[in-house]
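**Student:** Turn this into a model:
(4 chains)
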There are 4 protein chains.
Amino acid sequence: MSTPDIHGIIGYTITPFSVDGEQLDLEALGLSIDRLIDSGVHAIAPLGSTGEGAYLSDSEWDRVCEFSIQHVAQRVPTIVSVSDLTTAKAVRRARYAQARGADVVMVLPASYWKLSESEILAHYQAIGSSIDLPIMLYNNPATSGTDMSPELILRIFNAVENVTMVKESTGDIQRMHRLQLLGEGQVPFYNGCNPLALEAFAAGAKGWCTAAPNLIAELNLALYAAVQANDLQQARALFYRQLPLLDFILKGGLPATIKAGLRSTGLKAGNPRLPVSALDDGACKQLQGLLDALS
Amino acid sequence: MSTPDIHGIIGYTITPFSVDGEQLDLEALGLSIDRLIDSGVHAIAPLGSTGEGAYLSDSEWDRVCEFSIQHVAQRVPTIVSVSDLTTAKAVRRARYAQARGADVVMVLPASYWKLSESEILAHYQAIGSSIDLPIMLYNNPATSGTDMSPELILRIFNAVENVTMVKESTGDIQRMHRLQLLGEGQVPFYNGCNPLALEAFAAGAKGWCTAAPNLIAELNLALYAAVQANDLQQARALFYRQLPLLDFILKGGLPATIKAGLRSTGLKAGNPRLPVSALDDGACKQLQGLLDALS
Amino acid sequence: MSTPDIHGIIGYTITPFSVDGEQLDLEALGLSIDRLIDSGVHAIAPLGSTGEGAYLSDSEWDRVCEFSIQHVAQRVPTIVSVSDLTTAKAVRRARYAQARGADVVMVLPASYWKLSESEILAHYQAIGSSIDLPIMLYNNPATSGTDMSPELILRIFNAVENVTMVKESTGDIQRMHRLQLLGEGQVPFYNGCNPLALEAFAAGAKGWCTAAPNLIAELNLALYAAVQANDLQQARALFYRQLPLLDFILKGGLPATIKAGLRSTGLKAGNPRLPVSALDDGACKQLQGLLDALS
Amino acid sequence: MSTPDIHGIIGYTITPFSVDGEQLDLEALGLSIDRLIDSGVHAIAPLGSTGEGAYLSDSEWDRVCEFSIQHVAQRVPTIVSVSDLTTAKAVRRARYAQARGADVVMVLPASYWKLSESEILAHYQAIGSSIDLPIMLYNNPATSGTDMSPELILRIFNAVENVTMVKESTGDIQRMHRLQLLGEGQVPFYNGCNPLALEAFAAGAKGWCTAAPNLIAELNLALYAAVQANDLQQARALFYRQLPLLDFILKGGLPATIKAGLRSTGLKAGNPRLPVSALDDGACKQLQGLLDALS
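**Tutor:** Numbers count the residues shown, from 1 in each chain, chains lettered A, B, ... in the order given. Okay, the predicted model is just below:
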């Protein structure tokens, strides 16, 4: 198993629906993927939180997975989120993604019941042993309800051979420090908290997992480039420039805000599935104002 | 729509699986329902947290729902948990439960994304308008990730005609105080936090939603009887007697501990679905010790 | 050392100041103590949180301590709060209180820096070995910044001979459950969270430490009497009757609300010391409305 | 009023005591100040958290204040922490510091009771109007119990003329982002959380308030220099090098760890005042190991 070099700006895709919210709109999905790749993102990540993976039926999930991988067509690596509420279902999704050509799968320990550390480890082991792909472990207690300490993350990283990357979305920079110190610099970590982008890069994050490139790819990429060029002042200026938008999409919810933003650029992304509401008119205007200020 | 008088000890059922965890074991489910009713519980609640409703496929969920209602056969009221991740799926379950003869449906605003207050209200409105049954609103941020304040609960209670009962599982007794004061004594509330059973009754809870009667129905019922008899000293003594077991099943996780406890009494309940693990041997012995001390 | 039987309603006194906030008004203090005792409280506790002990100079503290003990004149037991920021200062206060005739001293591990468990234990040991009086250990992280788990409290209770009582003010009823279970019913605990009064008594609290008797002693005492009479329904009704006032004084801050309430009855209690503000006019009217509804 | 240009590494002094903990050791204080200045720190801050200001009597506080200012002798600016539990006492300290020649005073809204926003604002107004010096507002809920939101901080910054700097010690980098965005880049902010040093500088902090220079001034200064040189890679490397020590002194408590560290270099700093304990032998060895690794 060779791990592709995942780095930089990892763009998360939405899952467009028809107007009534019932049908998938794969054509719009293809357009949104093309935009992201054309803008220069370094990887594509379908079916994550932004992609409403949790709200899809199994057959919908399969179609989005297959279509996304085929449409990316290896222009950049594809990282498929395969989280599900039971281990059996997550294994099924992981195998499906591998069979369709995914480069990496991402696993959040989503569960209804709080999981113990040994339950979480067993979950990763079961998925890891069922596929040959590298796994990006994903910690996001705000959506999963399960918080993994840096110590637990390292335990899993060391115990499960194909867990080779860590996505940290708590927004707590000290978690990254601990991964770096305890992992002796050998644990590649990625930031999943948009308003932490500058500091995560400062602390050594290898990439930024974000839905923002759907709207402001140029700024996201410029921030990464400034960090690569070791130009902190430039990185700071670029970060503060995009921060109001990053705050807005975090606070407003990624599916609702990204879909609204795409719509304003002519891409028919539809609305999120209920109970998640579409942005109301006031928020749409606010978003448009933020986007106008950046263009 | 007439609301049945839901009160007292509301017994939550497990969902027994075959040994490999893949098949439903409806025969065992029937036995566990009979035990609960024979022991004297005042209502039966299938497919709740204890029933691993979140981990079932749609067809499994339907079969458990239908079987449970038929098997209870109106010996006591049946309260079916119909929560699901999207509004459309929750509506489908609510209608299904009504069609099969449920007396009440229970709704937890489960979601992957944090929901705003208006999104939660719309969710209840959509479900409420799709059925004619009374709805027990259920607040349990520890599993749903969504916390509803007493003020929001009252807003929903007042806005959605068939939301007529509130199950509060935060374990914060002040929430019940606020429901009582702000609702001017007109909002029937039920306790879903086992180690709060005594105080919730002291504060006026109309019932106790609990999986404990699968193991110690007699003690649960005696506590309720003491409260009904206005005998605080007796209630306190009964509560402290069963508290170590209540703490244990909360801490160990309801599906794992209740299934292990049932198994020790000869009922083949199977194990929880992964990633939730079965109790290990040490914990099983500890549970047995607690049960022996109460028998 | 014999421990007096501390139980029931333990009334906390304010520390009245002159209008400019600079001078002590011991005459008003004497009147407020007389009122409390005449109304029937079972003990008097000067210099607690309500008494603004933390805001007094050492000489002021000494004068209030001496005056209070002399004025109570053994009509009921006196429990003096001797907390201070350093161990040396707390020891000095404890000795002073003993020399003036206090029956019990109360100790909150107040500190600027977070204390480790061994530092907290050493603090209690140092105070305990410097006096012959019984000590009421006091846990209130909201004011002290230091939270003592039930396990730590029991460790101190067992290690320091004259720590013989526990005042719990977290408002978390499970703490009392743990004290009761782990202490095998041998640890007398007292409730310091006003809106938990009913449930703390239900759980077996021996007393209620409260400033409320300055304003509504009759209701506080009636609640205790109902519990003593094993009449839960009466206790519940009495509790909900006084709960709006209990919520108000907790939320508004005890020194400000109690002083305002006393003033409305003609007792010149002055204002709290800045930075704590006196109640504004709107809040005073709200308080008056609550008091009128109870009279 | 002209505000001195406070920036870079602001070194916090300890307050050395005699062996029995009772007497001040001003000679040792003078030596520690000289070391800090000779090592190159950009300002000296006596009587802060590290200086155990909260544990000194008024006369001790006055002596340390006067001595520190005289000993610094304007080699660098002196920033005196004047926090106290009442407004009157804090005003007294602020005036005293001004009279003795302090350049800046720092104010933490320390209080026993939780303060409302208007109480906090009034506290700063009272202190601000009593002196002519610039004030560094200090937010540290972990020690003060009072958390000031960025919005409140800006309200105070705008309302009180001589509040011209903000020290943020929550460790939450998003607070600094909000100060920068809401304050439109016009609010100088300083970092008081040691393990956030790298990211706070990345986010634009003007200085780092820290006791670490007592032990590793060279590394602290080198980090600042790398940031000034816009060399992010160097700053990151320097930060991770010193992070284990920064974590250790935060976790072990600043007075105990800094005093132990100074002692190992021959400076007789004494121990912290009880209830804060001196470092035990194991922790001293651990500290020595960390220091050896950096030398």
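**Student:** What separation do you get for A:V105 and chain B?
**Tutor:** When distance is defined by C-beta to the nearest C-beta, to the nearest Å, A:V105 is 16 Å away from chain B. To be clear about C-beta, it is placed using only N, CA and C from the backbone, and glycine gets the same treatment.
**Student:** Return the residues in contact with that residue.
**Tutor:** A:V105 makes contacts with A:79-82, A:93-94, A:97-98, A:127, A:131, A:133-136, as judged by C-beta atoms under 8 Å, 6 or more residues apart in numbering or on different chains.
**Student:** Dump these to CSV, plus pLDDT.
**Tutor:** CSV is the format used below for the contacts of A:V105 (pLDDT from 0 to 100):
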residue, pLDDT
A:I79, 98
A:V80, 98
A:S81, 98
A:V82, 98
A:R93, 98
A:A94, 98
A:A97, 98
A:Q98, 98
A:I127, 98
A:I131, 98
A:L133, 98
A:P134, 98
A:I135, 98
A:M136, 98
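**Student:** Which of those residues sits closest to chain B?
**Tutor:** Within the contacts of A:V105, distances to chain B taken as C-beta to the nearest C-beta reach their minimum at A:I127, with 9.9 Å.
**Student:** By residue count, what's the longest helix in chain A?
**Tutor:** Among the elements of chain A assigned as helix by DSSP state H, the one spanning the most residues is helix A:232-252.
**Student:** Now do it: everything it contacts.
**Tutor:** A:193-195, A:197-198, A:201-202, A:211-212, A:215-216, A:219-220, A:222-223, A:226-227, A:257-258, A:261, A:279, A:283, A:286-287, A:290-291, A:293-294, D:177, D:180-181, D:202-204, D:227, D:230-232, D:235.
**Student:** Counting by contacts, list what the very next helix or strand once past it packs against.
**Tutor:** The helix or strand immediately downstream of helix A:232-252 is helix A:254-264, counting by DSSP states H and E. Helices and strands touching helix A:254-264, by 3 or more C-beta pairs under 8 Å, 6 or more residues apart in numbering or on different chains; DSSP states H and E, are helix A:213-228, helix A:232-252, helix A:281-294.
**Student:** any idea of the mean pLDDT in the second one?
**Tutor:** It refers to helix A:232-252. The average pLDDT for helix A:232-252 rounds to 98.
**Student:** can you pull the buried residues of that helix?
**Tutor:** For helix A:232-252, the buried set under the neighbour-count rule, 16 or more other C-beta atoms under 10 Å in any protein chain shown, comprises A:232, A:234-236, A:238-240, A:242-250, A:252.
**Student:** Same check on the first one?
**Tutor:** Counting neighbours by 16+ other C-beta under 10 Å, one finds that the buried residues in helix A:213-228 are A:213-217, A:219-227.
**Student:** follow-up on the earlier one: give me the buried subset of the contacts of helix A:232-252.
**Tutor:** By the neighbour-count criterion of 16+ other C-beta under 10 Å, the contacts of helix A:232-252 include these buried positions: A:193-195, A:197-198, A:201-202, A:211-212, A:215-216, A:219-220, A:222-223, A:226-227, A:257-258, A:261, A:279, A:283, A:286-287, A:290-291, D:177, D:180, D:202-204, D:227, D:231-232, D:235.
**Student:** Report the contact partners of the residue nearest to A:S18 when sequence neighbours are not counted.
**Tutor:** Spatial nearest neighbour of A:S18, excluding adjacent residues (C-beta to C-beta, 6 or more residues apart in numbering or on different chains): A:D25 at 5.6 Å. Residues in contact with A:D25 (C-beta under 8 Å, 6+ apart) are A:P16, A:F17, A:S18, A:K268, A:A269, A:G270.
**Student:** Ok, A:I33 next?
**Tutor:** When contacts are counted by C-beta under 8 Å, 6+ apart, A:I33 is found next to A:T13, A:I44, A:P46, A:S68, A:H71, A:V72.
**Student:** mind checking the SS state of it?
**Tutor:** Taken by DSSP: H, G, I helix; E, B strand; the rest coil, the conformation at A:I33 corresponds to helix.
**Student:** Remind me which helix or strand the closest residue to A:L121 other than its chain neighbours belongs to.
**Tutor:** For A:L121, the nearest residue in space outside its immediate sequence neighbours is A:I156; the separation is 5.6 Å by C-beta to C-beta, 6+ apart. With secondary structure defined by DSSP H and E, A:I156 is part of helix A:150-159.
**Student:** following that helix, which helix or strand comes up?
**Tutor:** Toward the C-terminal end, the helix or strand that comes next after helix A:150-159 (DSSP H and E) is strand A:163-168.
**Student:** Nearest to D:S32 among the helices and strands packed on helix A:254-264 would be which one?
**Tutor:** Shortest separation from D:S32 across the helices and strands packed on helix A:254-264 is recorded for helix A:232-252, at 32.5 Å, computed as C-beta to C-beta.
**Student:** check contacts around A:A293.
**Tutor:** A:P244.
**Student:** Quick check, pLDDT for it.
**Tutor:** pLDDT for A:A293: 96.
**Student:** Likewise for A:E22?
**Tutor:** 86.
**Student:** ditto for A:V19
**Tutor:** Note for A:V19: predicted pLDDT of 81.
**Student:** Now do it: how many residues are near it, please.
**Tutor:** By the measure other C-beta atoms under 10 Å in any protein chain shown, the count of residues near A:V19 is 10.
**Student:** Verify the contact between it and A:A269 for me.
**Tutor:** No: checked against C-beta atoms under 8 Å, the pair A:V19 and A:A269 is beyond contact range at 10.8 Å.
**Student:** give me the low-pLDDT residue ranges for the stretch 1-150 of chain A?
**Tutor:** Of all residues in the stretch 1-150 of chain A, those with pLDDT under 70 make up the ranges A:1-3.
**Student:** can you pull out the strands in it?
**Tutor:** According to DSSP state E, counting those that start in this stretch, the stretch 1-150 of chain A carries its strands in the segments A:8-12, A:43-45, A:79-81, A:104-107, A:135-139.
**Student:** circling back to that earlier point, flag every buried residue along the helix holding A:I156.
**Tutor:** For helix A:150-159, burial by neighbour count (16+ other C-beta under 10 Å) applies to A:P150, A:L152, A:I153, A:L154, A:R155, A:I156, A:F157.
**Student:** Which pair in those has the greatest spatial separation?
**Tutor:** Across these, the longest distance by C-beta to C-beta is 10.8 Å; it joins A:P150 and A:I156.
**Student:** Among the buried residues of helix A:213-228, which one sits closest to chain C?
**Tutor:** Checking the buried residues of helix A:213-228 one by one against chain C (C-beta to the nearest C-beta), the nearest turns out to be A:V227, at 35.8 Å.
**Student:** Can you classify the closest residue to that closest one other than its chain neighbours by secondary structure?
**Tutor:** Spatially, and ignoring its direct neighbours in sequence, A:V227 is nearest to A:F201 (4.3 Å; C-beta to C-beta, 6+ apart). Under the three-state scheme (three-state DSSP), the conformation of A:F201 reads as helix.
**Student:** Local confidence estimate at the residue of the stretch 151-295 of chain A found nearest chain C?
**Tutor:** With C-beta to the nearest C-beta as the measure, A:Q174 is the residue of the stretch 151-295 of chain A nearest to chain C, at 17.1 Å. Per-residue confidence for A:Q174 comes out at a pLDDT of 98.
**Student:** what's the spacing between whichever helix or strand it is part of and its chain's center?
**Tutor:** Mapping A:Q174 onto the secondary structure by DSSP H and E places it in helix A:173-182. Between the centre of helix A:173-182 and the centre of its host chain there is 20 Å, according to C-alpha atoms, centre = their mean, to the nearest Å.
**Student:** which bits of chain A sit near chain B?
**Tutor:** Within chain A, the positions adjacent to chain B are A:21, A:49, A:52, A:54-55, A:85-88, A:109-116, A:118-120, A:122-123, A:126, A:142-143, A:145, A:253, A:255, A:273-277 by C-beta under 8 Å from any C-beta of the partner chain.
**Student:** Now the buried members of these.
**Tutor:** The neighbour-count test (16+ other C-beta under 10 Å) marks A:21, A:49, A:52, A:54-55, A:85-88, A:109-113, A:115-116, A:119-120, A:122-123, A:126, A:143, A:145, A:253, A:255, A:273-277 as buried among the residues of chain A next to chain B.
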